[in-house]
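S.K.: Below are the sequence and a predicted model; questions follow.
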Amino acid sequence: VYVDIDFWQSINLLEVLNLQYVREELAADDLLAIIIPAFQLLRQCSEKDVSNECVQRNVQKMAKNKLEVATLMKAHEATPFDPTNRGGHGSTEYGHWFRQRRAQFHDIPCIRSNRYEPYMAFRYCQKFPPFQESFTGYGKNKMSQVMHMRRNGYIFSQVGDIFVMHYPHPSSKERILWGQKENSKRSEVDRLFAIFKRWLKSDVPDMERIPLCEDAADDDKTLWV
């Protein structure tokens, strides 16, 4: 399972991933990546409030199952993860996920942005592309990995009833710096990303099985290069 540390799993995530049917699907195609839909809990108190009381208010609201996610969404207390970065998780079909049965697969038909960086479960096989160690710290590490997986022929399929939810912690120093115009780190990461994209196109055979959508975003416009 590939997920950031500040996400909490649904209580059934490992149970579903270990079902015989799910394991057989992974065994049948070693280039299958299971998409785990990501949600975020909206802060229950001020970001500057780091008191135990605030922590407990957040913890008590964190969803443990699909019904609790739906309840939070209806109360406008949760959303799909990071709506300010629509490309990051916008290819995941959240509306369809709410209609999916437990452990039901639904293939993502196309990718809406090269910024797509879902959380996933997959087989760690020889065909799995190595992580690009040039991307250290914040920025472009997950999206470059997914782009490489797509180039290698991976397909992405979201599975019903399982999810992860982001815990609303204060923004890290790195996250704050990332959005500042004078941030040289971001410019350097974007320069490396442009090099990575050229290498991916010129040196890695195109085995893609899931295309960009016809109306996919032009992500190059957002690069600081």
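M.R.: All right, it came through fine.
S.K.: Please count neighbours and contacts with C-alpha atoms only from this point.
M.R.: Will do.
S.K.: Verify the stated contact: Met62 with Tyr167.
M.R.: Yes - with contacts counted by CA atoms under 8 Å, Met62 reaches Tyr167, the gap being 7.4 Å.
S.K.: what about the two, which has more around it?
M.R.: A side-by-side neighbour count of Met62 and Tyr167, using other CA atoms under 10 Å, places Met62 first with 23 against 20.
S.K.: Could you list the low-confidence segments of this protein?
M.R.: For the chain, residues meeting the criterion pLDDT under 70 lie at 176, 179, 181-183, 225.
S.K.: And the strands in it?
M.R.: Secondary structure of the chain, counting by DSSP state E: strands at 7-9, 32-36, 38-41, 78-80, 105-107, 119-122, 155-159, 164-166.
S.K.: Which among those is found nearest to Trp199?
M.R.: strand 155-159 (21.3 Å; CA to CA).
S.K.: in that closest one, what's buried?
M.R.: 155-159 (16 or more other CA atoms under 10 Å).
S.K.: cool, and stretch 36-45?
M.R.: Going by neighbour count (16+ other CA under 10 Å), the buried part of stretch 36-45 is 36-44.
S.K.: What's the biggest helix in this protein, counting residues?
M.R.: For the chain, the helix with the greatest residue count under DSSP state H is helix 184-203.
S.K.: what's in contact with that helix?
M.R.: 134-135, 139-140, 144, 148, 151, 178, 223-225 (CA atoms under 8 Å, 6 or more residues apart in numbering).
S.K.: So which of these wins on neighbours?
M.R.: Of all those, the highest neighbour tally under other CA under 10 Å goes to His148, namely 24 neighbours.
S.K.: Nearest residue to it in space, ignoring adjacent ones along the chain?
M.R.: Pro129 (6.6 Å; CA to CA, 6 or more residues apart in numbering).
S.K.: Would you check how far apart the one you found and Trp8 are?
M.R.: Going from Pro129 to Trp8 by CA to CA, to the nearest Å gives 26 Å.
S.K.: higher neighbour count, these two?
M.R.: Trp8 (19 against 15).
S.K.: Around the nearest residue in space to Asp218 that is not next to it in sequence, count how many other residues there are.
M.R.: Spatial nearest neighbour of Asp218, excluding adjacent residues (CA to CA, 6+ apart): Ser113 at 7.5 Å. Neighbour count for Ser113, taken as other CA under 10 Å: 22.
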